[in-house]
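# Fold the following for me, if possible:
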Amino acid sequence: MIPFTHRLVPVPGQDSGPESWRAEWRNQQAGPTSFETLGRKAFESLQERWRTSQPADGPSGSDTTIFPVIQSGVLGVREEEMVIDKLFNCVSKSNVPATVDLTSGYFGLYAPYKTRILESPDSIRWRIVAAAPKANGFYGSKGISGRLPEAYTWLERQFWGAASKAGKISSSDGKVELSEWEREGWTYHAKGIWVRFGEEGPSNDDGGKPAISLFGSTNLNSRSANLDTELSFMMVTSSRELSASLAEEVDGIRQNASVVGTTAKSQLARSRSPIMSTSAQPAMTNNNNVAPGAGYNEKGAGRGGFTKGFTFGGWFKLHAFDLLIMLFMGMLGLGIYFAKPAPTRNFPITFSDGEIVYPQYAYPLRRNIIPIWLAAVLAFIIPFFFFCLFQIRRRSLNDLMTTTMGLIQSLETAAVFQVFLKWLIGGFRPHFLAVCKPNVQGPGSGTGYQQIYYTRDVCTGDEKEINDSLESFPSGHSTAAFAGFVYLFFYFNAQLKVNSDHRPAYWKIVLT
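Numbers count the residues shown, from 1 in each chain. As a prediction, this is how the structure comes out:
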């Protein structure tokens, strides 16, 4: 892949400092943003050379097979997906019980892997280890990255809820076990899959020891599948010694892991851990898509369905400052809306021979087919309708209220800047002269060159209509439509994951 990288070359005349070097793209056949095809061919050529150099059946007497697996969604190389899919097929079709240990320091299973786990037969037991918030590599970092541990906890909660709904979570015979790894002063970065067939036996027995393992750089999440370039290895062994070592590896990981998510009670106890901030406390207890800290209250935790874990008091308390800013912006917008246009405009009416200088401003006044108030209402109602429609799946009053507040903020912010620009800059509407109804003494009675320029002082029409005719830019209809429907576009993309999936359903693309 070296031909598809930049190299640093010295800049003539610059002796030191960052300016003395520049990045030069190595490949002359494709640029840095268009090398997907050539990059994929390079990967495929590498793999083909490796395959043809290996014996068909491996070395004589070999008890272990290892082969590399490359995943680069950007380049269209998706070997990891293919291999893991075949692995899960093999485990699902096994005639004996199987245990699959899976771990990732940044837990957020790629959707196809998550689906395979949730739809797997009950003969498979899944033991998953993720990093506890304190063991996450971003714990304690400054800025927004410091909230990433809570985000991964939320992803765990999402997975736990889906597994519970699929009947995989049980205090007596659960098929999915979710644990968190934590050790004082350590961060957790282990990743991989270990598969064992049969029941676990004593330490001197080869039964129940891992026979298959996937290890390497992949975190088994959407980023690894679609954005990063990952190199992993699939290993299949019949060696008792190697299987025992793999079992010790898994035991070593699980030694510092604590099971969470088997019951709602254990989840609630975990959510009160001092590790978690207040905003993250509901993340593992509320199984109804209530965002962390968003109006959650334990008194409301017993409610079911749409309002589960939600209180209006908590929601208003959380968003009080935003609501005050929204009130201020609304008052500011109304004040500017009712103010007279700021600039004093000079405009010509007729030449000295009586010909109208700008006939494009002499159109008759025609009322809007869709008045501005209706355009604003439609820009709100149509997105709000889809927000409500999505609640069939999300079932969260908090989600609906917070999303609607974001829509109102979008419309309000756009409206304030729109009325400000109208007030400060504006422009003539096509019917300006018709509503102005200028009364001039005759050609040459104005100001400027040949005295043909006038101000609104010569207008005799309705003052409100004159003010409106001086504020054509920017369009209120376009602003309202842009603010409402671009917000809806991003909402669709967030809910349907159009841009995060390498092969989205066509109906999602059309809707978005």
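# ok, which stretches of the stretch 151-300 of the chain are helices?
Listed in chain order, the helices of the stretch 151-300 of the chain (DSSP state H, counting those that start in this stretch) span 222-226, 240-254, 264-271.
# so which of those helices comes closest to Cys459?
helix 222-226 (60.8 Å; CB to CB). Just so you know, the C-beta spots here come from the backbone N, C-alpha and C atoms, and that holds for glycine as well.
# Give me the helices and strands touching the closest one, please.
helix 79-92 (3 or more CB pairs under 8 Å, 6 or more residues apart in numbering; DSSP states H and E).
# Ranking the helices of the stretch 151-300 of the chain by mean neighbour count, which comes first?
helix 222-226 (a mean of 21; mean count of other CB atoms under 10 Å).
# Quick one: residues in contact with that helix.
Helix 222-226 is contacted from outside by 71, 73-74, 78, 80-81, 108, 110-111, 217-218, 230, 500-502, using CB atoms under 8 Å, 6 or more residues apart in numbering.
# Rebuild the helices of the stretch 151-300 of the chain as CSV, extending it with mean pLDDT and distance to Pro371.
Listed next are those as CSV, based on pLDDT from 0 to 100; distance: least, CB to CB, whole Å:
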stretch, mean pLDDT, distance to Pro371
helix 222-226, 90, 45
helix 240-254, 94, 65
helix 264-271, 41, 50
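# can you put those helices in TSV and add distance to Leu155?
Formatted as TSV, those follow (distance: least, CB to CB, whole Å):
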stretch	distance to Leu155
helix 222-226	10
helix 240-254	19
helix 264-271	15
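# now for those helices, which one comes closest to Ser478?
Using CB to CB, the nearest of these to Ser478 is helix 222-226, at 34.6 Å.
# circling back: select, out of the helices of the stretch 151-300 of the chain, the one closest to Leu488.
It's helix 222-226; of those, that one is closest to Leu488 (CB to CB) at 23.4 Å.
# Strands of the protein, residue ranges please.
In the chain, the segments counted as strands under DSSP state E are 6-10, 21-25, 64-72, 77-78, 98-104, 124-131, 176-181, 191-197, 210-216, 229-237, 257-260, 347-348, 453-454.
# okay, those in TSV with mean neighbour count, mean pLDDT and distance to Thr402 next?
Compiled in TSV, the strands of the chain are given as follows (neighbours: other CB atoms under 10 Å; pLDDT from 0 to 100; distance: least, CB to CB, whole Å):
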stretch	mean neighbour count	mean pLDDT	distance to Thr402
strand 6-10	11	85	42
strand 21-25	12	84	42
strand 64-72	17	89	35
strand 77-78	19	88	35
strand 98-104	22	95	29
strand 124-131	23	94	27
strand 176-181	23	93	27
strand 191-197	22	95	33
strand 210-216	20	95	39
strand 229-237	18	93	35
strand 257-260	18	90	26
strand 347-348	18	90	47
strand 453-454	18	90	52
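# Quick one, which of the ones you listed gets closest to Leu318.
Among those, the nearest to Leu318 by CB to CB is strand 257-260 (25.6 Å).
# what about dumping the CA coordinates of that closest one to CSV?
Extracted C-alpha coordinates of strand 257-260, given in CSV (Å, rounded to 0.1, in the frame of the first residue of the first chain):
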residue,chain,number,x,y,z
ALA,A,257,-14.4,-9.0,34.0
SER,A,258,-17.7,-8.7,35.9
VAL,A,259,-21.0,-9.8,34.4
VAL,A,260,-23.6,-7.1,33.9
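# just so I know, which of the strands of the chain lies nearest Thr479?
Using CB to CB, the nearest of the strands of the chain to Thr479 is strand 347-348, at 24.9 Å.
# surely Arg395 meets Phe310?
No. Using CB atoms under 8 Å, Arg395 is not in contact with Phe310, being 11.0 Å away.
# now the stretch 401-512 of the chain, which segments are flagged as low pLDDT?
In the predicted model, the stretch 401-512 of the chain carries pLDDT under 70 at residues 443-444, 499-504.
# One more pass at 80, please.
441-445, 497-509, 511-512 (pLDDT under 80).
# quick one: the helices in it?
432-436, 463-469, 476-496, 506-511.
# Can you add distance to Pro359 and give the strands of the chain back as TSV?
Shown next, in TSV, are these (distance: least, CB to CB, whole Å):
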stretch	distance to Pro359
strand 6-10	57
strand 21-25	55
strand 64-72	61
strand 77-78	62
strand 98-104	69
strand 124-131	71
strand 176-181	73
strand 191-197	72
strand 210-216	72
strand 229-237	62
strand 257-260	75
strand 347-348	12
strand 453-454	17
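# Which of the ones you listed sits closest to Ala481?
strand 347-348 (29.5 Å).
# Partner strands of that closest one, with direction?
Strand 347-348 has its sheet partners listed here by DSSP bridges as strand 453-454 (antiparallel).
# how much space between the closest residue to Ile372 other than its chain neighbours and Ala375?
Once flanking residues are discounted, Ile372 sits nearest to Gly476: 4.6 Å by CB to CB, 6 or more residues apart in numbering. Noted for Gly476: a distance of 7 Å to Ala375, by CB to CB, to the nearest Å.
# can you check Arg40 too?
Distance from Arg40 to Ala375, by CB to CB: 47 Å.
# the more surrounded of these two?
Ala375 (19 against 15; other CB atoms under 10 Å).
# doesn't Phe482 make contact with that one?
No. Ala375 sits out of contact with Phe482 when judged by CB under 8 Å, with a separation of 10.9 Å.
# Please name the nearest non-neighbouring residue to Ala481.
Ala379 (5.7 Å).
# Now do the contacts for the one you found.
Leu411, Ala480, Ala481, Ala483, Gly484, Phe485.
# quick one on the thing from earlier: among the contacts of helix 222-226, name the buried ones.
Buried by 16 or more other CB atoms under 10 Å: Gln71, Gly73, Arg78, Glu80, Glu81, Gly108, Tyr110, Thr218, Glu230, out of the contacts of helix 222-226.
# dump the residue contacts of the nearest residue to the first one once chain neighbours are set aside.
Taking CB to CB, 6+ apart, and ignoring the residues beside it in sequence, Gln71 has Glu80 as its nearest neighbour in space, at 3.6 Å. Shown here is Glu80, whose contacts under the criterion CB under 8 Å, 6+ apart are Val69, Ile70, Gln71, Thr218, Ser224, Ala225, Glu230, Ser232.
# Correct me if wrong: the first one contacts Gly216.
Spelled out, it's Val69. Yes. Assessed by CB under 8 Å, Val69 is found in contact with Gly216 at 7.1 Å.
# Now the common contact residues for the two.
With CB under 8 Å, 6+ apart as the test, Val69 and Gly216 both reach Leu231, Ser232, Phe233.
# So the second one is in contact with Leu220, correct?
The one in question is Ser232. No. Look at Ser232 against Leu220 with CB under 8 Å: they stay out of range, at 9.5 Å.
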